[in-house]
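[1] here you go, sequence then predicted model.
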Amino acid sequence: DDEDLQFRLSDSVQTAFFEGHGTCIVKQDNETRTFSDKLWLGAGHRRGPRNSGQEHDGVRGRHRALAHRKAERMAKAAAQKWHPVREAEQRLLWTGNKHFEGLDAYFKWVSEQTHKIQYRVLQSRYRGRTTCPDCRGTRLRKDAQYVKIDGRSITDLVLLPIADAQAFFENLNLSEHEMAVADRLLAEITNRLGYLNRVGLGYLTLNRLSNTLSGGESQRISLATSLGSALVGSMYVLDEPSIGLHPKDAEQLIGVLRSLQELGNTVVVVEHEEKMMEAADQVIDIGPEAGSGGGNLMF
């Protein structure tokens with residue numbers, strides 16, 4: 001229908017502007033028209049009949065000088081630095097008014113179009129990461145920092161490496177009444193931190209984003225979670241969980257895998273680490289032409 005056709009044409013034009021770096025050329029029969037989304041062109045360029053359609057053949061005659069002066073003012077405004085601009089003008093630029101939507105509304109619209117690659121690229125140009133000065137990147141409310149245990153708030157604890165956080169909870173000095181209240185919680189916390197430490201993740205902090213972890217780190221976190229949940233009768237298939245580990249930490253990882261087995265689980269590991277192979281109950285060696293060629297079973 002007409003609405004679907006209009007949507008497809010609009011999407012094609014948007015893609016053309018993106019791929020053409022702000023320029024879209026439309027060909028109809030023997031006629032060619034060039035459109036640009038830029039407000040002004042750089043030095044040495046001008047809009048003229050060569051760059052426009054027949055009925056839009058540039059600025060002519062007595063209006064030319066006035067148009068050039070307006071273009072120069074727009075160029076100067078676009079090049080102005082942010083900090084000298086008055087606060088009211090900054091707020092107008094962000095929130096807009098009845099004549100101008102504002103940057104907030106524009107980037108909200110861009111974020112709704114991220115199923116298209118050109119808008120994801122556009123969004124990435126203007127979006128970055130900074131650490132919040134109030135929560136220090138923990139995403140916790142500021143008043144959560146007012147409650148402290150042994151001089152540390154929850155914000156302080158999630159910024160600690162896991163090994164240091166485990167040591168803090170294990171050496172916590174509590175009164176008899178406080179211990180009665182916190183005994184079960186402390187047991188759960190120290191156990192889970194201990195499992196993470198055992199699989200060689202003691203250097204991570206608790207506020208580390210999951211999408212910044214390596215494949216091996218993600219697998220070891222899953223292992224620690226499984227060990228803490230005490231699942232039985234399951235099969236774990238791991239692809240080189242020892243990648244990036246120091247040999248000493250690899251021995252700890254072997255101990256974790258053995259603990260999973262002792263709980264009544266089966267652990268299958270694809271590995272090249274010699275110590276991991278030596279610790280296995282059974283080794284299957286796929287020889288030459290492994291992978292897409294199918295390989296050859298050696299033993």
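    Yes, it's here.

[2] contacts, neighbours, all on C-alpha from now
    Fine.

[3] so how far is the one helix or strand residue 14 maps to off the chain centroid?
    Per DSSP states H and E: residue 14 is located in helix 2-19. For helix 2-19, the distance from its own C-alpha centre to the chain's C-alpha centre is 29 Å (CA atoms, centre = their mean, to the nearest Å).

[4] for the residue nearest to residue 102 when sequence neighbours are not counted, give its distance to residue 86.
    Nearest non-adjacent residue to residue 102, counting by CA to CA, 6 or more residues apart in numbering: residue 96, 3.8 Å away. Separation of residue 96 from residue 86 (CA to CA, to the nearest Å) stands at 15 Å.

[5] same question for residue 2.
    Per CA to CA, residue 2 is found 46 Å from residue 86.

[6] who has more neighbours out of these two?
    residue 86 (10 against 7; other CA atoms under 10 Å).

[7] and that one, what does it touch?
    If you count contacts by CA atoms under 8 Å, 6 or more residues apart in numbering, residue 86 has none.

[8] quick check: the gap between the spatially most central residue of the chain and residue 218.
    With distances taken as CA atoms, centre = their mean, the residue of the chain nearest its centroid is residue 211 (6.1 Å). Distance, residue 211 to residue 218, using CA to CA: 9 Å.

[9] and if you look at residue 37?
    For residue 37, the distance to residue 218 - CA to CA - is 44 Å.

[10] more neighbours, these two?
    More crowded of residue 37 and residue 218, by other CA under 10 Å: residue 218, with 16 against 10.

[11] for that one, helix, strand, or coil?
    Three-state assignment for residue 218 (DSSP: H, G, I helix; E, B strand; the rest coil): helix.

[12] and for residue 163, the neighbour number?
    Neighbour tally, residue 163, other CA under 10 Å: 19.

[13] again, but for the one 3 residues further on
    Applying other CA under 10 Å, we find 22 other residues in the vicinity of residue 166.

[14] the one 3 residues further on now?
    By other CA under 10 Å, the residues close to residue 169 number 16.

[15] so where is the protein shaky, pLDDT-wise?
    1, 39-83, 230, 291-292 (pLDDT under 70).

[16] which residues of it fall in helices?
    2-19, 64-79, 87-95, 103-111, 117-126, 154-158, 162-170, 176-198, 215-229, 247-262, 274-279 (DSSP state H).

[17] okay, those in TSV with distance to residue 142 next?
    TSV is the format used below for the helices of the chain (distance: least, CA to CA, whole Å):
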stretch	distance to residue 142
helix 2-19	42
helix 64-79	37
helix 87-95	26
helix 103-111	25
helix 117-126	27
helix 154-158	9
helix 162-170	21
helix 176-198	23
helix 215-229	29
helix 247-262	37
helix 274-279	45
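
[18] what's the closest of those to residue 235?
    helix 247-262 (9.3 Å; CA to CA).

[19] hang on, isn't residue 197 packed against residue 162?
    Yes - assessed by CA atoms under 8 Å, residue 197 is found in contact with residue 162 at 6.8 Å.

[20] returning to what we had before: what's the closest of the helices of the chain to residue 132?
    Closest among those, once you apply CA to CA, is helix 154-158, at 12.4 Å.
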